[in-house]
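Enquirer: Sequence and predicted structure below; questions after.
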Amino acid sequence: MPDSSRTFSRRNRRPGSRPVAKPASKPGPAHFASSPTPPAAPPAPASPPVGESFPAPHDAQAPLLPGLKPVLELLAHSPERVDAVFLRKGRHSRDMESIVDACRAAGVRFSLLPPPSFARIYAGKSQGVVARLFEAGFMELDALLDTVQDAPLPLLLALDQVQDPGNAGTLARSLYAMGGAGIIVPRHNGVYLGAAAAKAAAGALELLPVAKSANLGQALDKAGKLGITVYGAVSLPPAAPAPQERTKARPGQAPAALSPLNIFYEAPRLPALLVLGSEDSGLRPGMEKRCDFLVSIPMLRDFDSLNVAQAGAMLLAWFARHQFMHQQSTKS
């Protein structure tokens with residue numbers, strides 16, 4: 001059984017604070033939108049280059065900043081406040097090229113839109129450039145990883161292409177309440193943490209550190225190198241109460257599939273990072289193969305599904321319970 005009292009070395013650098021902008025059935029597995037673990041996981045699909053043009057889903061209530069000069073200034077001095085930049089096709093100037101270069105340098109997504117699509121996002125004067133903001137501001141991934149041990153519950157939550165902002169906000173609310181360290185979202189195909197997410201989070205997104213990663217798989221690898229145990233949530237039934245840790249494969253050999261742990265029997269290792277998959281397809285194979293352990297929630301009724309926010313809250317409570325029990329045991 002994994003030892004929840006396991007300790008890890010901590011890096012010494014501490015980041016500054018994040019800027020905040022104004023404004024009777026047989027038992028069955030829990031189904032929470034996670035795909036089965038394949039016997040041989042293919043490599044994760046390559047992420048688009050940082051800043052590459054992307055399809056532009058938009059939240060009508062998102063805070064926007066229009067204009068060439070204001071957007072350039074924000075990218076230069078506070079890029080952590082920018083979620084994405086929208087550019088109107090057909091405008092060619094040195095300033096527009098500077099916007100694209102600044103987005104790539106800062107790792108900010110940008111999208112080139114035809115005039116009708118751009119007008120649906122912003123119809124006022126904009127010089128063909130609008131920045132969509134994340135009001136609380138993003139934290140650097142390295143800085144977030146550095147501070148995991150400082151949280152009451154040394155646990156990070158990674159959202160692997162979760163799309164529903166209500167689910168993301170609810171997870172943020174649960175994680176903050178349990179004392180978690182922060183959230184990691186992918187830069188591409190990640191959820192927008194705008195008005196809908198903020199409403200579901202009930203203020204937690206303004207308090208909880210959030211980092212964006214251009215390549216989520218590499219972020220998981222980096223966390224593992226820092227001694228953070230990576231868990232992935234899946235819907236497979238537990239094969240046995242004993243943990244099944246992945247063994248390293250020989251060169252050219254695919255890693256063996258993991259059997260998921262039953263959270264009713266096992267104790268987690270901390271500090272940890274929990275990866276939750278998308279609402280429709282669950283964890284991508286490239287994310288599963290990077291996990292140290294897979295976990296599942298056994299159910300006592302053959303029920304269709306738990307959504308990602310409900311399953312995530314149950315798993316967060318699993319980590320929090322064992323952290324609390326460990327703290328109490330060290331006091332006695």
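Expert: Arrived safely.

Enquirer: alpha carbons only for contacts and neighbour counts from here, please
Expert: Noted.

Enquirer: Can you pull the domain assignment for this protein?
Expert: Domain segmentation of the chain under automatic domain parsing yields 28-37+138-331, 64-133.

Enquirer: Mean pLDDT and mean neighbour count for those domains - can I get that in a markdown table?
Expert: Output for the domains of the chain, formatted as a markdown table (pLDDT from 0 to 100; neighbours: other C-alpha atoms under 10 Å):
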| stretch | mean pLDDT | mean neighbour count |
| --- | --- | --- |
| domain 28-37+138-331 | 83 | 20 |
| domain 64-133 | 88 | 18 |
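
Enquirer: tell me which residues form a beta bridge with residue 64?
Expert: Bridge pairing for residue 64 (DSSP bridges) gives the partners residue 132.

Enquirer: give me every residue that touches it.
Expert: Taking C-alpha atoms under 8 Å, 6 or more residues apart in numbering, we find residue 64 in contact with 130, 131, 132, 133.

Enquirer: which SS state does the first one fall under?
Expert: Taking DSSP: H, G, I helix; E, B strand; the rest coil as the rule, one finds residue 130 in the strand state.

Enquirer: Excluding chain neighbours, what is closest to it?
Expert: Among residues not flanking residue 130 along the chain, residue 66 sits closest, at 4.2 Å (C-alpha to C-alpha, 6 or more residues apart in numbering).

Enquirer: What separation do you get for that neighbour and residue 131?
Expert: 6 Å (C-alpha to C-alpha, to the nearest Å).

Enquirer: So which residues of the chain form helices?
Expert: Under the criterion DSSP state H, the chain contains helices at 68-77, 94-106, 115-121, 141-146, 165-177, 195-201, 216-225, 285-288, 308-331.

Enquirer: In JSON lines, list the ones you listed along with distance to residue 263.
Expert: Supplementary listing: the helices of the chain in JSON lines, determined by distance: least, C-alpha to C-alpha, whole Å:
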{"stretch": "helix 68-77", "distance to residue 263": "43"}
{"stretch": "helix 94-106", "distance to residue 263": "40"}
{"stretch": "helix 115-121", "distance to residue 263": "44"}
{"stretch": "helix 141-146", "distance to residue 263": "25"}
{"stretch": "helix 165-177", "distance to residue 263": "18"}
{"stretch": "helix 195-201", "distance to residue 263": "26"}
{"stretch": "helix 216-225", "distance to residue 263": "21"}
{"stretch": "helix 285-288", "distance to residue 263": "18"}
{"stretch": "helix 308-331", "distance to residue 263": "7"}
